[in-house]
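> Provided below are the primary sequence and the corresponding predicted coordinates.
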Amino acid sequence: MDRITQGRHHPADTVLGPGDDAAIVAAPSRSVVATTDMLVQGRHFRLDWSSPVDIGRKAIAQNAADVVAMGARCTGFLVALGCPSDTPISVTDGLTDGLWLEAERTGAGIVGGDLVQSESLVISITALGDLDGRPAVLRSGAQPGDVVAVAGRLGRSAAGLAVLLAGIDGHDGLVDAHRVPSPDYSRGAAAARAGATSLTDVSDGLLADLGHIADASSVSIDVVTELLHPDDDMRSAANELGVSVFDWMLGGGEDHAFAGTFPASVILPDGWVVIGAVHDGSGVTVDGRGHDGSHGWSSFSV
Ligand SMILES: Nc1ncnc2c1ncn2[C@@H]1O[C@H](COP(=O)(O)OP(=O)(O)O)[C@@H](O)[C@H]1O
Ligand SMILES: Cc1ncc(C[n+]2csc(CCOP(=O)(O)OP(=O)(O)O)c2C)c(N)n1
Ligand SMILES: [Mg+2]
Ligand SMILES: [Mg+2]
Ligand SMILES: [Mg+2]
């Protein structure tokens with residue numbers, strides 16, 4: 001346990017870190033943003049595909065993105081770890097380093113957790129955040145006439161996963177994007193300050209996650225494929241595997257890019273790019289039509 005808790009620098013929101021019965025985390029806004037997400041070996045990661053550092057980073061990124069998708073910043077993380085009894089120390093050390101590395105990118109610390117013996121590796125994180133006095137940006141605020149915009153790259157994680165599953169060589173950048181998402185954690189608060197009407201992170205797939213906004217806001221959302229710009233390395237991997245690059249961009253999860261809606265009059269903050277529009281109606285369309293391909297990952301379908 002000492003290996004997990006000792007020798008780390010605790011940022012300002014950590015009023016009391018690990019060691020007592022519970023931690024104390026600052027809540028300057030007097031309301032706390034809270035979310036939890038779990039990574040399960042075999043389901044969310046494989047140790048032959050990802051290093052322990054990668055897995056630790058991904059676990060934090062996935063949770064931090066949900067805090068940021070409320071327009072908040074992260075203030076602390078709680079980490080519950082299940083490990084087989086024969087897990088090498090190098091694996092738990094790597095996980096801990098990865099967790100801390102990504103936590104530091106968010107500006108928050110790991111304030112506590114739990115460690116149990118289990119049959120496979122399971123990492124469950126609870127992330128806390130603060131809105132710094134602003135209202136949260138919910139999924140329910142999109143208005144007909146708004147633009148739809150994203151911050152971050154789409155489809156690269158799904159492309160990397162497809163490369164790993166197919167066992168083909170090369171495409172290291174895509175495989176890296178699958179191993180460790182790289183959300184820019186400043187984008188959510190910037191969107192909130194600019195007047196975003198709704199916000200989410202892309203965890204399951206762009207169309208699925210925009211679908212949550214469309215449902216919650218009682219609007220329809222149209223994505224314009226001409227406004228999505230696939231990278232050359234995604235195009236070449238798609239050609240090699242005989243699939244459409246847009247399947248990854250529209251239905252691929254785990255990039256943890258941010259997607260949101262803004263009034264058409266707003267000058268978008270840095271990093272945000274228009275990809276579509278909000279209309280009256282319901283559901284999500286692509287270039288004005290229903291999309292036959294996958295809209296995103298579904299937790300219980302495979
Ligand atoms: N077991 C659960 N108990 C209570 N709420 C849950 C549970 N699982 C998911 N939720 C809630 O459902 C919503 C959607 O969850 P999820 O699809 O996991 O979101 P995300 O993709 O942003 O992580 C969240 O508000 C989450 O808190
Ligand atoms: C070994 C392996 N197989 C498949 C995937 C693909 N995958 C697993 S979970 C997921 C999407 C998000 O998962 P979920 O548990 O729904 O997370 P949340 O939406 O709660 O963030 C995807 C695309 C993977 N990452 N690793
Ligand atoms: Mg979740
Ligand atoms: Mg989310
Ligand atoms: Mg999900």
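Received, thanks. Ligands and ions are numbered 1, 2, ... in the order given.

> quick one: terminal-to-terminal distance for stretch 216-225?
23 Å (C-alpha to C-alpha, to the nearest Å).

> Centre of the chain to that stretch, how far?
Remark: stretch 216-225 is offset 20 Å from the chain centroid, using C-alpha atoms, centre = their mean, to the nearest Å.

> is it anywhere near ligand 4?
No - Stretch 216-225 does not reach ligand 4 (C-beta under 5 Å from the ion); its nearest approach is 12.2 Å. C-beta here means a position set from N, CA and C on the backbone, and glycine is covered the same way.

> List of residues touching that stretch?
The list of residues contacting stretch 216-225 from outside it, by C-beta atoms under 8 Å, 6 or more residues apart in numbering, reads 138-144, 148, 198, 206-207, 210-211, 213-214, 246, 250, 261, 275-288.

> For the longest strand along the chain, name the packing helices and strands.
Scanning the chain for the longest strand, with DSSP state E as the assignment, gives strand 73-83. Applying 3 or more C-beta pairs under 8 Å, 6 or more residues apart in numbering; DSSP states H and E, we find strand 73-83 packed against helix 52-68, helix 89-106, strand 109-117, strand 122-130.

> Mean neighbour count, those: which tops it?
helix 52-68 (a mean of 26; mean count of other C-beta atoms under 10 Å).

> What strand or helix carries the most centrally placed residue in the chain?
Against the mean C-alpha coordinate of the chain, by C-alpha atoms, centre = their mean, the closest residue is H256 at 3.0 Å. Using DSSP states H and E, H256 sits within no helix or strand.

> thought it was touching A65?
Yes - with contact defined as C-beta atoms under 8 Å, H256 and A65 form a contacting pair (3.9 Å).

> what is in contact with those two at once?
181, 183, 201, 203.

> Now do the last one: how many residues are near it, please.
S203 sits with 21 neighbouring residues when counted by other C-beta atoms under 10 Å.
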